[in-house]
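Asks: Following is a predicted model, sequence given first.
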Amino acid sequence: MTVRVETQPFDIGAETNAFAAACDGAGAIVTFTGIVRDVSGGLIAMEIEHYPGMTERALTAIRDEAVTRWSLGGALIIHRYGRLAPGEQIMMVATAAPHRADAFAAAEFLMDFLKSRAPFWKKEITAVGATWVDSKRSDEDALQRWQGADSSKG
Amino acid sequence: MTVRVETQPFDIGAETNAFAAACDGAGAIVTFTGIVRDVSGGLIAMEIEHYPGMTERALTAIRDEAVTRWSLGGALIIHRYGRLAPGEQIMMVATAAPHRADAFAAAEFLMDFLKSRAPFWKKEITAVGATWVDSKRSDEDALQRWQGADSSKG
Amino acid sequence: MIDVVYFAWVRERIGLPRERVETSATSVAGLIEELTAREDRYAAAFADLSALRVALDQELGSFDSSLAGVREVAFFPPMTGG
Amino acid sequence: MIDVVYFAWVRERIGLPRERVETSATSVAGLIEELTAREDRYAAAFADLSALRVALDQELGSFDSSLAGVREVAFFPPMTGG
């Protein structure tokens, strides 16, 4: 049940193995990894700013909510900040549950809340300048599916 | 775009890293790992039988269908057979896509089809005997959500 | 002549994984009838068709499927992969 | 006295990450009015409130939220984590 906010790169494979080893008895493990994409071909770096203090608080609240909604054997959130190169991992979540439906639902829930409710902001640095990444309407919409179902078991 | 059917254990972390490295340009990677669970407390081993030839054919067809439905940067299926101890990995799938919704949907699709359409059969060996695992109605039902949406992009 | 293969408890009930069968059946259902008439262990394996699945040359089929041109028929319970 | 913190383009537009503000405002909206009246850079940052989010003592709030007992107010654009 770990939440980490850090600057240094992490090893997806090593984190996945450590998570799986810690989740003794789980039948299903889902991981999601987000990677810096060079969509337009000129990306030099992505700078991620966050709100120290609030970030840890928000991630912990999101993780606790997921653990309450589904019977999870484990939940992990790692999110980096600072300057990242294209191809580097931005963040990962992992969930463990007895059954696959819960592990998948919890991982998607964590991602949807991370995207729009955790205080991170991304800036894309290219040769021609820097641009703050706009929030996506689709990310805000994705939160709707978790509303009004606080007591549902996925 | 790999499909592997094999007896030996695999390293989830190493497979995840190799998959991520091969999926250059992907923004989102989802992995699912299934692990032998000792539900009732007396499990000695799980024996997995499969249909050589048909298995590879079925997994490849399922993988190809996922690649057609979603714009995937990569898709991996590994499934073991033979005798497995509790806590060992049974199988894993991994998907890579530009966006998380596609990576999640494709991974769930692969799992739903693997569960009920790939020719594997599980037998649980306990101190009191051996029992073939029954197929679950919920697994068959899970397939329904993918019907009639062959041309949809998730 | 057709290859007939069995998996999981179907294999255990019939007592062998594979056999070559001389048959005049034209459909899967016809083949099942012939096998069932042979011996009790076949009758036991095919007693409840709703618990069985069939593949023809390694593609899922149905009990109505024709055997024309088919080299291998497989019988097994619902699959439990993943 | 209240700590006011800014992130992302709000921070860039206002030109500082954090300041202590002497305010008589009782709500977030009141504080924004006071800041907007100060200088153009504040007016620019707060021109479109629909593009802004607010947190009170590190919990998301709204522009209607009361400042009673609040030690830290943060202004930032919609979050783009993950």
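Replies: Cool, the structure landed. Residues are numbered from 1 along each chain as shown, chains lettered A, B, ... in the order given.

Asks: Just checking, which helix or strand of chain A averages the lowest pLDDT?
Replies: helix A:137-144 (a mean of 91; mean pLDDT, DSSP states H and E).

Asks: from the chain's centre, how far out does that one sit?
Replies: The chain centre lies 15 Å from the centre of helix A:137-144; the measure is CA atoms, centre = their mean, to the nearest Å.

Asks: Give me the contacts around it.
Replies: If you take CB atoms under 8 Å, 6 or more residues apart in numbering or on different chains as the criterion, helix A:137-144 is touched by A:112-113, A:115-117, B:101, D:78, D:82. Yep, even glycine has a C-beta here, placed from its N, CA and C like the rest.

Asks: could you pick out which of the residues you listed are near chain C?
Replies: Checking the contacts of helix A:137-144 against chain C by CB under 8 Å from any CB of the partner chain, not one of them is in range.

Asks: thinking again about what came up before, now do the buried residues in the least confident helix or strand of chain A.
Replies: By neighbour count, with 16 or more other CB atoms under 10 Å in any protein chain shown as the criterion, the buried positions of helix A:137-144 are A:139, A:142.

Asks: So the residue of chain C found nearest chain D, which state does it fall into?
Replies: Distances between chain C and chain D by CB to the nearest CB are smallest at C:G82, namely 27.3 Å. What DSSP: H, G, I helix; E, B strand; the rest coil gives for C:G82 is coil.

Asks: Tell me which stretches of chain C form strands.
Replies: C:2-6, C:18-21, C:53-56, C:59-61, C:72-76 (DSSP state E).

Asks: Also chain A?
Replies: Under DSSP E, chain A gives strands at A:2-6, A:28-35, A:43-50, A:74-80, A:82-84, A:89-97, A:120-126, A:129-132.

Asks: I'd like those as JSON lines, with mean pLDDT appended.
Replies: Shown next, in JSON lines, are the strands of chain A (pLDDT from 0 to 100):
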{"stretch": "strand A:2-6", "mean pLDDT": "96"}
{"stretch": "strand A:28-35", "mean pLDDT": "97"}
{"stretch": "strand A:43-50", "mean pLDDT": "97"}
{"stretch": "strand A:74-80", "mean pLDDT": "97"}
{"stretch": "strand A:82-84", "mean pLDDT": "98"}
{"stretch": "strand A:89-97", "mean pLDDT": "97"}
{"stretch": "strand A:120-126", "mean pLDDT": "97"}
{"stretch": "strand A:129-132", "mean pLDDT": "96"}
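
Asks: The residue of chain C closest to chain D contacts B:M91, correct?
Replies: Yes: shown here, C:G82 and B:M91 form a contact pair, counting by CB atoms under 8 Å, at 6.1 Å.

Asks: anything in contact with each of those two?
Replies: What both C:G82 and B:M91 touch, as defined by CB under 8 Å, 6+ apart, is the set B:34, B:79, B:114.

Asks: closest to B:T126 among those?
Replies: Nearest to B:T126, judged by CB to CB, of these is B:G34 at 19.5 Å.

Asks: how near is the closest one to chain D?
Replies: Taking CB to the nearest CB, to the nearest Å as the measure, B:G34 falls 25 Å from chain D.

Asks: And for A:F109?
Replies: Counting by CB to the nearest CB, the gap from A:F109 to chain D is 12 Å.

Asks: That residue - nearest residue in space that isn't next to it in sequence?
Replies: Excluding the flanking residues, the one nearest A:F109 by CB to CB, 6 or more residues apart in numbering or on different chains is A:A66, at 5.3 Å.

Asks: so who does the one you found touch?
Replies: Per CB under 8 Å, 6+ apart, neighbours of A:A66: A:72, A:75, A:95, A:106, A:109-110.

Asks: on that earlier part again, next, format the strands of chain A as JSON lines and append mean neighbour count and distance to C:T23.
Replies: Shown next, in JSON lines, are the strands of chain A (neighbours: other CB atoms under 10 Å in any protein chain shown; distance: least, CB to CB, whole Å):
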{"stretch": "strand A:2-6", "mean neighbour count": "16", "distance to C:T23": "61"}
{"stretch": "strand A:28-35", "mean neighbour count": "25", "distance to C:T23": "43"}
{"stretch": "strand A:43-50", "mean neighbour count": "18", "distance to C:T23": "65"}
{"stretch": "strand A:74-80", "mean neighbour count": "23", "distance to C:T23": "54"}
{"stretch": "strand A:82-84", "mean neighbour count": "15", "distance to C:T23": "65"}
{"stretch": "strand A:89-97", "mean neighbour count": "26", "distance to C:T23": "47"}
{"stretch": "strand A:120-126", "mean neighbour count": "20", "distance to C:T23": "66"}
{"stretch": "strand A:129-132", "mean neighbour count": "12", "distance to C:T23": "71"}
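
Asks: returning to that earlier point: among the shared contacts of C:G82 and B:M91, which one lies nearest to chain A?
Replies: Of those, the one sitting nearest to chain A (CB to the nearest CB) turns out to be B:G34, at 6.1 Å.

Asks: returning to that earlier point: and the shared contacts of C:G82 and B:M91 near chain A, which?
Replies: B:G34.

Asks: Could you export the shared contacts of C:G82 and B:M91 as TSV, including distance to D:R38?
Replies: Converted to TSV, these look like this (distance: CB to CB, whole Å):
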residue	distance to D:R38
B:G34	59
B:H79	65
B:L114	62
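
Asks: For the residue of chain A found nearest chain C, give its distance to chain D.
Replies: The minimum distance from chain A to chain C, using CB to the nearest CB, falls at A:R100 (7.6 Å). Separation of A:R100 from chain D (CB to the nearest CB): 22 Å.

Asks: tell me the pLDDT at that residue?
Replies: With respect to pLDDT, A:R100 scores 95.

Asks: wouldn't it be in contact with A:I29 here?
Replies: No: A:R100 is beyond contact range of A:I29, at 9.3 Å (criterion: CB under 8 Å).

Asks: residues shared between the contacts of the two?
Replies: B:F32.

Asks: And for residue 51, the neighbour number?
Replies: No chain specified, so I'll use chain A. Other residues near A:Y51 number 22, with proximity taken as other CB atoms under 10 Å in any protein chain shown.

Asks: that's the wrong chain, I meant chain C
Replies: 14.
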